[in-house]
Structure formats: C-alpha cells, structure tokens
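S.K.: Curious how this folds, go ahead:
(chains A and B)
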There are 2 protein chains.
Amino acid sequence: MVELLRALEKTADLVGRELDRLLVAAEGPRGRVVEAMRAGSLNGGKRLRPFLLLETASLFDVPPHRALNAAVALEMVHCYSLVHDDLPAMDDSDLRRGKPTVHKLFDDATAILAGDGLLTGAFAVLAEEATHPDPAVRCALVASLAQAAGAAGMVGGQMIDLSPQRGQLDLEGITELQNLKTGRLIRHACEAGAILGGAGPAERQALVDYAGALGLAFQIADDLLDVEGTTAGLGKPAQADAALGKATFVGQLGIEGARQRARALVAEAQRSLRQLPGDTRTLCDTATFVVERQV
Amino acid sequence: MVELLRALEKTADLVGRELDRLLVAAEGPRGRVVEAMRAGSLNGGKRLRPFLLLETASLFDVPPHRALNAAVALEMVHCYSLVHDDLPAMDDSDLRRGKPTVHKLFDDATAILAGDGLLTGAFAVLAEEATHPDPAVRCALVASLAQAAGAAGMVGGQMIDLSPQRGQLDLEGITELQNLKTGRLIRHACEAGAILGGAGPAERQALVDYAGALGLAFQIADDLLDVEGTTAGLGKPAQADAALGKATFVGQLGIEGARQRARALVAEAQRSLRQLPGDTRTLCDTATFVVERQV
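M.R.: Residues are numbered from 1 along each chain as shown, chains lettered A, B, ... in the order given. Next up, the predicted model:
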C-alpha cells in the first residue's frame, strides 16, 4: 500500500504539471476564466481517474507519457463536474479539498464558464495528435469520454441526484444514480486505457467489470466517510448528504452492511483482474485503497 | 433573397428533425435533463451556423446529409451557450426567441446540466462514424469545434462580456469580444465545411476571411436591432445591452456609422467568396441577409 500511495502521488504530480502547462494564463479580462479553470483543476485532487487510466494503459505496455493526454482530458472533465456541482444552484458547497470552491474564489458566472472551458478543453486535448498517432484511436477516446460524461452518463446521474425523487430512491435507484454520476467516468478511465492499448473485447469487458465494481465500492466508501468522517479530514462538510435528506448506501444497508458490500465489491473487482495481461498488482491494490482511504 | 429564406427554412427543418431524433426522451428522473436539452435546442432558432456549414460544404460537393452531423454538433454547442448565457448568474434573461428560457421552464440547476449535456453531446455526435468515414477528418472537426468554443474562443468572449471592464471597452476591445463570443463559432461553421470538403489552404483562408467579416457584420446588426427593435419583434428584451451599460458598436460608431461599417463588412465578406470554387451565390446572399434581417 505504501508503494501504491507513492505511485498515486507520482501520477498526481505528472497530471498536475501537465494541466499547469496546458492552462496558459491569458492577458486581459479573458484571463479571469483561465485563472478560474486553474483554480478548479490545480487544487490537489487525488487524480484517481487519471491514475486508473495510466495503470490500465500500462497493462498493454503503453507508457505513461503516451497516455498522458487522455488522462489529463479525463481529469479536466472530472474537475469541470466538481466546479459545476459546487455551484449554489447545485450542491452549494463552499469548500472542496479544504479550499474555497471556484464560485467562492470568483463568482457564479465565472465558475459556470470555467466548467464549460474545462469540459470543452478536454475534447481539444483528446483531438491532439499527441494523444495517439492513430486518429481512429483519438475518435474512440472522444466517443467514450463524451458518452461517459453526457446526459446518458455523468450529467444524467447529476440530474437524478438533484431530482425531487432523490430522497425516496431505493437501493436499485441509488445504485443507478451512482453508476451514472461517478461510475461512468471511472469506467471510461479503464476503457480509455484499453483503447490506447488496443485491448481485445474480453480484456475490455474484464476492465469494464473491474471499473463497475470499483466505482460502486468507491461511492459506498464515500457514504461511509460522510457518516464517520470529520470536516477537517474530508476537506468538505461531513454528513452533508445525510443532512440534505439524500438516500445513501449507508442509509439503505446500515454501516456494517455497507462495509460488507464494499468489501464484496473489492473482491469482485479483483477477480475481474485475473483475466488481464501484465502486472495487475497496482490495480488490485487500488481496489483495496478506494474503500480504505480516509479522504 | 426569397430563395435564401426558403433554403434557411429547409436547413432549420433538417437540423431540427435531426436534433429531435438525437435527443431521445429518457425514463425516470434523468428524463428531466433530456427534456431541458430539447427545450434549449428545439425552440425555433434560425440555424444560421448549421446553414453556413452545410452551404460551405456544398461548395466542395459535400451533400447536406454528409455534413449533417457536423452541423448538428455545432448547433448543439450554440444552443448550450444560449442556455448558460441566459442563466440568472450570467445575462439573466427570461425570454429567448419569444419563449421562456430553459431555467424559467425548469430551474437553474437543470439549465446548467442541460447546457453541459448539449456541449458534451456535440462531441459524441462528431466522433460518430456517420460524421465522416475518415477518423482524421472527425478529429479535425473535434479540434476545430473545441478551439472555437473553449476558453480561447466563445467561453473567453463570454468572460470578457461579463467582466467589470466590459463597460469601458473601446472599439478594438468590443471587436475582440465579439470575435471570440460569436465570431469563432461562425468561423468554425465555415472551417468545418472546408474540412469536410477537403479544401486547400487558400480556400480555407478565403472562408476564414468570409466568416470573420460575416460574424462582425452579424454582431453590428444585432446591436442595431437592439437599439431599433422591439421586444415583440426580437423575441427577447430590446435595448437590453444598452440598459446594462454595455459598450456596443452602435455606442462607438453611432447608428449611421454602424450601418456603414456593417455594409463594408458585407462587401468584404462577398469579396472573399471570389476565391472559392462552386456556386457561392447563397453564401453571398447570406452576408446581405445577416445585416438586413429583422430578428
């Protein structure tokens, strides 16, 4: 696990430096939106999604620098979603990773535009030749990311999360919500690695299975942290979901039941890895990490 | 001009039907965001950008159905920008094309998500094989659209439009703002036609020049309509920009000066067309239309 944390840190550093390089400060009033995009993406995230992408790609012998554009594009989409989610019209969060959110640092309009800029920029990055020499691969990445992030994916999940029906969701409903809201982007991370590596259909399916179980385990762990954690430890208000009357995995399964389900999902994710080539130890450890993390 | 209006209507019909087909109603709470995306894109726009794209492509013998995906993707990006622009945090508009805006029909959160969904969906559409059989062409379209719409393009222009410095912009500043906010997407319309048609560098430059002059003429005409028009005719509040204390072309040049400048730009746009193959009469009429339109 020490090794995993070191690898995560290395990826976070790599992705952070690349985002810093890409988001070039601009002169004049337009510069404000770039500053806000930087604030929304260079704020010390775990970079778990890029990490999964780089690790998956490495199973197929794709070195990190050849998967970096795809990883950065994915992180830009993740960051845009956080900037928009935090808006007063949405989750109305003042803190993210222990720092003021983008609309607190700037204003709502600038935060909306910064999110739009990050989302749009992700596709600009993917379309670059540096992403992969074969344009068919780049197109496959664009299609996969757009489907994962769009109305049938993350945006759809966010809509469910904000719907009046949100409080009354049963376990199946919460599972669908989380599969869309966080699961689809995590699945894209693993699929993008497979696309870059030219994986076959069976390998791709194994990665989709891995990502599905991992994503759900990640969300259950989030719910557990929300109940058990402190604001200081989380860098965002604890028990926010429960306070908002949102149905959660913990509410449905109880604390012990949720812990058991998370452990079962980790085992399921790890079983899927057996059908894959290369050294899957890091991805195996990552599954354990997502439920044991304290942030 | 009667022929042009008929051609515009035909394109609006074609694009509207394709958007209607693409934005498939969804069951359950997620369905709300799709409804909002439909409300934001199936509300009777002129479809000027898709029209320019289809007309430009036709110069290179690309028939409308082969340029339709690119045209629809562009319109989705235009519609997303209107949905976000109309938000209370941005321009705070209740009416668009004579109908309540998306956040009035739904709520702010749903409008933010609907815009996000339309923007993301545009790239999903472009990545489809139906856009063009050659993935290199699809990638070029993704790159062009993302650059036109992003922080160095439309989003950047919107940032300038909302900045505290907005009221004090001089003619150069207003021109830069409008080139980014509306010009870049209009330029993408013409470049996308050139990309689909495999145009050479000189033809592409001529189209960029045409689009640059046309886009500026379009915006000056908008400013003139804002001063001279009525709310009923425009389908949105008249004199909104002047009331908001925004510097406009009319404010800088006067009504007569702005009219003259618009006419000069139309002539400039039409001169650029001479370097292009095929029948450019419709594009020529379009330049006249954008300054003579009453809506």
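S.K.: Flag every buried residue along the helix or strand encompassing A:L185.
M.R.: Element membership of A:L185, judged by DSSP states H and E, is helix A:184-197. Using 16 or more other C-beta atoms under 10 Å in any protein chain shown as the burial criterion, the residues of helix A:184-197 that qualify are A:184-197. Heads up, the C-betas are built off the backbone N, CA and C, glycines and all.
S.K.: Mind listing residues that contact the helix or strand A:R17 falls within?
M.R.: Assigned by DSSP H and E, A:R17 belongs to helix A:2-22. The contact list for helix A:2-22, computed with C-beta atoms under 8 Å, 6 or more residues apart in numbering or on different chains, reads A:38, A:41-42, A:44-48, A:50-51, A:54-55, A:64, A:68, A:71-72, A:75-76, A:121, A:125, A:282, A:285-286, A:289.
S.K.: So which of those are in helices?
M.R.: Using DSSP state H, the members of the contacts of helix A:2-22 that fall in helices are A:38, A:41, A:48, A:50-51, A:54-55, A:64, A:68, A:71-72, A:75-76, A:121, A:125, A:282, A:285-286, A:289.
S.K.: before we move on, back to that, check which residues of the helix holding A:R17 are buried.
M.R.: So helix A:2-22, judged by 16+ other C-beta under 10 Å, has buried residues A:L4, A:A7, A:L8, A:T11, A:A12, A:L14, A:V15, A:G16, A:E18, A:L19, A:L22.
S.K.: Distance to A:R30 and pLDDT added to those, as a markdown table?
M.R.: Below are those laid out as a markdown table (distance: C-beta to C-beta, whole Å; pLDDT from 0 to 100):
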| residue | distance to A:R30 | pLDDT |
| --- | --- | --- |
| A:L4 | 40 | 94 |
| A:A7 | 37 | 95 |
| A:L8 | 34 | 95 |
| A:T11 | 31 | 97 |
| A:A12 | 28 | 97 |
| A:L14 | 28 | 97 |
| A:V15 | 25 | 98 |
| A:G16 | 23 | 97 |
| A:E18 | 22 | 97 |
| A:L19 | 19 | 98 |
| A:L22 | 16 | 97 |
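S.K.: Neighbours of A:P63, how many?
M.R.: Neighbour count for A:P63, taken as other C-beta atoms under 10 Å in any protein chain shown: 10.
S.K.: for A:E256, that is, sorry about that
M.R.: Neighbours of A:E256 (other C-beta under 10 Å): 9.
S.K.: what's the answer for the one 3 residues further on, then?
M.R.: Using other C-beta under 10 Å, the number of residues around A:R259 comes to 16.
S.K.: for it, helix, strand, or coil?
M.R.: helix (DSSP: H, G, I helix; E, B strand; the rest coil).
S.K.: That one contacts A:A221, doesn't it?
M.R.: No: proximity of A:R259 to A:A221 does not meet the contact threshold set by C-beta atoms under 8 Å, at 9.1 Å.
S.K.: Against chain B, how distant is A:R66?
M.R.: Distance, A:R66 to chain B, using C-beta to the nearest C-beta, to the nearest Å: 17 Å.
S.K.: dump the residue contacts of that residue.
M.R.: A:A57, A:H132, A:L196.
S.K.: of all those, which comes closest to B:V83?
M.R.: A:H132 (32.6 Å; C-beta to C-beta).
S.K.: mind listing what that closest one touches?
M.R.: A:R66, A:N69, A:A70, A:R138, A:L141, A:L196.
S.K.: Averaged over its residues, which helix or strand of chain A has the lowest pLDDT?
M.R.: Lowest mean confidence among the helices and strands of chain A (mean pLDDT, DSSP states H and E): helix A:231-234, at a mean of 55.
S.K.: burial measure for A:R281, as a count.
M.R.: Neighbour tally, A:R281, other C-beta under 10 Å: 12.
S.K.: Which pLDDT value belongs to it?
M.R.: On pLDDT, A:R281 comes in at 96.
S.K.: Can you give me the distance of it to A:T288?
M.R.: 11 Å (C-beta to C-beta, to the nearest Å).
S.K.: now do A:V137
M.R.: For A:V137, the distance to A:T288 - C-beta to C-beta - is 31 Å.
S.K.: Which other helices and strands does the one helix or strand A:A262 maps to contact?
M.R.: For A:A262, the element it lies in under DSSP H and E is helix A:249-272. Secondary-structure packing of helix A:249-272 (3 or more C-beta pairs under 8 Å, 6 or more residues apart in numbering or on different chains; DSSP states H and E): helix A:171-178, helix A:201-228, helix A:281-292.
S.K.: Distance to chain B added to the ones you listed, as a markdown table?
M.R.: Output for those, formatted as a markdown table (distance: least, C-beta to the nearest C-beta, whole Å):
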| stretch | distance to chain B |
| --- | --- |
| helix A:171-178 | 8 |
| helix A:201-228 | 17 |
| helix A:281-292 | 25 |
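S.K.: closest one to A:T110 among these?
M.R.: Across the helices and strands packed on helix A:249-272, closest to A:T110 is helix A:201-228 (C-beta to C-beta), at 27.7 Å.
S.K.: Pull the contacting residues for the nearest residue to A:E128 once chain neighbours are set aside.
M.R.: Spatial nearest neighbour of A:E128, chain neighbours left out: A:N69 (6.1 Å); criterion: C-beta to C-beta, 6 or more residues apart in numbering or on different chains. A:N69 is in contact with A:V125, A:L126, A:E128, A:A130, A:T131, A:H132, counting by C-beta under 8 Å, 6+ apart.
S.K.: For chain A, give me the ranges with low pLDDT.
M.R.: Along chain A, the model assigns pLDDT under 70 to residues A:230-245, A:295.
S.K.: what's the nearest residue to A:V72 if we skip its chain neighbours?
M.R.: Closest to A:V72 by C-beta to C-beta, 6+ apart is A:E18, at 5.0 Å.
S.K.: same thing with A:D108?
M.R.: B:A89 is the one closest to A:D108 (C-beta to C-beta, 6+ apart), at 3.7 Å.
S.K.: host element of the one you found?
M.R.: Applying DSSP H and E, one finds B:A89 in no helix or strand.
S.K.: tell me the phi and psi of it?
M.R.: Per-residue torsions, B:A89: phi -70, psi -20 (degrees, to the nearest 10).
S.K.: Please tell me how far the residue nearest to A:L126 when sequence neighbours are not counted sits from A:A67.
M.R.: Among residues not flanking A:L126 along the chain, A:A73 sits closest, at 4.7 Å (C-beta to C-beta, 6+ apart). Distance, A:A73 to A:A67, using C-beta to C-beta: 11 Å.
S.K.: And for A:E176?
M.R.: Taking C-beta to C-beta, one finds A:E176 at 30 Å from A:A67.
S.K.: higher neighbour count, those two?
M.R.: For A:E176 versus A:A67, neighbours defined as other C-beta under 10 Å are more numerous around A:A67 (25 against 18).
S.K.: Which residues are in contact with that one?
M.R.: Contacts of A:A67 (C-beta under 8 Å, 6+ apart): A:L53, A:L54, A:A57, A:S58, A:A192, A:G193, A:L196.
S.K.: One more: A:D107?
M.R.: B:A89.
S.K.: Name the helix or strand for the spatially closest residue to A:H188 that is not a sequence neighbour, please.
M.R.: Nearest non-adjacent residue to A:H188, counting by C-beta to C-beta, 6+ apart: A:A148, 3.8 Å away. Following DSSP H and E, one finds A:A148 within helix A:135-149.
S.K.: Now do that helix: everything it contacts.
M.R.: A:70, A:73-74, A:77, A:81, A:119, A:122-123, A:126-129, A:131-132, A:153-155, A:184-185, A:187-188, A:191-192, A:195-196, B:120-121, B:123-124, B:126-128, B:134-136, B:138-139, B:142.
S.K.: ok, now with 7 Å
M.R.: A:70, A:73-74, A:77, A:122-123, A:126-127, A:131-132, A:153-155, A:184-185, A:187-188, A:191-192, A:195-196, B:120, B:123-124, B:127, B:135-136, B:138-139, B:142 (C-beta atoms under 7 Å, 6 or more residues apart in numbering or on different chains).
S.K.: Same check on stretch A:195-207?
M.R.: A:56-57, A:59-60, A:62, A:67, A:70, A:132, A:137, A:140-141, A:144, A:190-191, A:194, A:272, A:275-276.
S.K.: Equivalent analysis for stretch A:83-102, please.
M.R.: Applying C-beta under 7 Å, 6+ apart, the set of residues contacting stretch A:83-102 is A:36, A:39-40, A:43-45, A:82, A:103-104, A:108, A:111-112, A:114-115, A:118, A:158, A:162, A:235-237, B:108-109, B:112, B:116.
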